[in-house]
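>>> need the 3D shape of this:
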Amino acid sequence: MGTLTNSRTTIPWNNPNAPEGACWIKAYDTDLDPIVKDSVIVTELPEADGKRMVGVSDDKDENAPVLAFSRVEFTIFVEGVRSGQFDQFCATDEEMTTAGKAPTRVGS
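I've put the predicted structure just below:
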């Protein structure tokens with residue numbers, strides 16, 4: 001069994017595709033309600049080929065696949081997100097409102 005946290009609340013979470021006891025983390029302002037899932041989740045994975053690894057999955061399904069990335073790959077992706085390289089993939093204000101989330105301006 002593992003856990004899922006948004007830094008405010010922690011609930012049991014067991015993805016059989018991840019190592020036993022994985023501690024999944026999602027964005028602080030997301031919900032942990034078992035019906036309303038709304039985020040990508042990440043966890044630390046065991047080293048592979050001498051590299052520290054990060055697992056990425058979907059919080060809507062405890063059985064979702066776990067994508068594994070090296071810390072270098074994950075860092076390069078996060079740097080791209082921070083610099084706005086993927087903004088075209090972000091939800092519109094209307095999509096955020098429909099999902100029950102406050103509209104957000106990416107990069108602001």
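>>> going by C-alpha atoms from here, please, whenever you check contacts or count neighbours.
Will do.
>>> so residue 14 sits against residue 2, correct?
Yes. Using Cα atoms under 8 Å, residue 14 makes contact with residue 2 at a distance of 5.0 Å.
>>> mind checking how far residue 1 is from residue 15?
8 Å (Cα to Cα, to the nearest Å).
>>> the two: who's more crowded?
Set side by side, residue 1 and residue 15 show more neighbours around residue 15, with 21 against 13, by other Cα atoms under 10 Å.
>>> mind checking the SS state of that one?
Secondary structure for residue 15, judged by DSSP: H, G, I helix; E, B strand; the rest coil, is coil.
>>> quick one on the thing from earlier: between residue 14 and residue 2, which is the more surrounded one?
Taking neighbours as other Cα under 10 Å, residue 14 and residue 2 compare with residue 14 leading, 20 against 16.
>>> please enumerate the strands of the chain.
For the chain, applying DSSP state E gives strands covering 2-5, 10-13, 23-25, 40-48, 51-58, 67-70.
>>> packing partners for the shortest one?
Identification of packing neighbours for strand 23-25 by 3 or more Cα pairs under 8 Å, 6 or more residues apart in numbering; DSSP states H and E yields strand 2-5, strand 40-48.
>>> so for the longest one, what's the average pLDDT?
Regarding strand 40-48, the rounded mean pLDDT is 95.
>>> swap in the shortest one?
Mean pLDDT, computed over strand 2-5, is 92.
>>> distance from stretch 41-54 to the middle of the chain?
Centroid separation for stretch 41-54 versus its chain: 14 Å, with Cα atoms, centre = their mean, to the nearest Å.
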